[in-house]
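**Q** for reference, the sequence and a predicted model appear below.
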Amino acid sequence: MIDKRALRARMRAIRDAHGPGLLPVARPFLDRLLPGQIVAAYRPLGAEADPALWVEAALHAGAMIALPHVVDRASPIRFLRWSDGQDLSIGAFGLHQPDAHAPECVPDIILTPLVGFDRRGNRLGQGAGHYDRAFAAHRDAWRVGIAWSVQEVVELKPDDWDVPLHAIATESEWITP
Ligand SMILES: Nc1nc2c(c(=O)[nH]1)N(C=O)[C@@H](CNc1ccc(C(=O)N[C@@H](CCC(=O)O)C(=O)O)cc1)CN2
Ligand SMILES: Nc1ncnc2c1ncn2[C@@H]1O[C@H](COP(=O)(O)OP(=O)(O)OP(=O)(O)O)[C@@H](O)[C@H]1O
């Protein structure tokens, strides 16, 4: 079987060949939203599917937005509150993120950028363990993976620490394992 690093390189190349864009909002996400909830989103890097329309829908429903704040590969990410229109600064890996002093949040929903996924909810990420650790720290959050449909692989072998996704949204499908 192809190793994880080689697969990650292949799936990044497939994602980059697809190119960037906005992901249409999936109905089950709208149905789940409640006022006051905290939705952890992200600002896309390169050709990652952009959840900006999901952020807009969440704000419209009265939910609050948090964005990941990353320091380096070794440190856990923190989800920090972001209010609509607030400035972001560029941090590690070129990510747009809130100021380190923004309030930390406990997310109800975690929109997770994917490098690859399978139909069972297994996920391939950047390999730093940032979302693995976030899922372990926020067990009750609804874990939604976001990707282009071309990022699907037939089967990913989960590691012991992997926490599966509840759903995956692509431009063409809402996949629930
Ligand atoms: N948009 C976005 N935000 C995110 C993530 C992500 O994958 N995408 N993260 C996910 O954990 C966390 C940040 N962690 C990261 C860890 C490693 C790399 C990384 O290795 N980047 C590669 C290029 C990545 C690519 O092309 O996909 C690099 O810098 O060479 C990026 C982010 C939180 N925020
Ligand atoms: N709960 C955890 N606490 C501490 N370290 C963890 C935890 N979960 C995973 N890790 C570490 O993080 C790394 C994750 O590597 P892996 O290749 O699985 O990342 P990934 O599947 O790309 O996911 P991620 O998006 O989280 O980086 C591994 O080295 C693993 O030991």
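**A** Perfect, I can see it now. Numbers count the residues shown, from 1 in each chain. Ligands and ions are numbered 1, 2, ... in the order given.
**Q** only C-alpha atoms for contact and neighbour calcs from this point on.
**A** OK.
**Q** show me where the chain has strands.
**A** Assigned by DSSP state E, the strands in the chain fall at 21-22, 38-40, 49-50, 64-69, 78-82, 89-90, 96-97, 109-113, 116-117, 123-124, 142-146, 167-169, 174-175.
**Q** between the ones you listed, which one is closest to ligand 2.
**A** When the strands of the chain are compared by Cα to the nearest ligand atom, strand 123-124 sits nearest ligand 2, at 4.2 Å.
**Q** say whether ligand 2 is contacted by the closest one.
**A** Yes - judged by Cα under 6 Å from any ligand atom, strand 123-124 and ligand 2 are in contact via Arg123, Leu124.
**Q** please enumerate residues in contact with the helix ranked longest in the chain?
**A** Using DSSP state H, we find that the single longest helix of the chain is helix 4-18. Contact with helix 4-18 is made by Gly46, Ala47, Glu48, Val115, Gly116, Leu124, Gly125, Gln126, Trp148, Val150, Gln151, as judged by Cα atoms under 8 Å, 6 or more residues apart in numbering.
**Q** quick one, what contacts the closest residue to Glu173 other than its chain neighbours?
**A** Distances taken as Cα to Cα, 6 or more residues apart in numbering put Ser149 closest to Glu173, at 7.8 Å, once the chain neighbours are dropped. Contacts for Ser149 (Cα under 8 Å, 6+ apart) come out as Thr170, Glu171, Ser172, Glu173.
**Q** so the second one makes contact with Gly21?
**A** So that's Glu171. No - counting by Cα atoms under 8 Å, Gly21 is not a contact partner of Glu171; they are 9.7 Å apart.
**Q** show me what from this protein comes close to ligand 2.
**A** Neighbours of ligand 2 within the chain, by Cα under 6 Å from any ligand atom: 123-133, 136, 161.
**Q** among these, which one has the most neighbours?
**A** Arg123 (27 neighbours; other Cα atoms under 10 Å).
**Q** right, I'll call it a day here.
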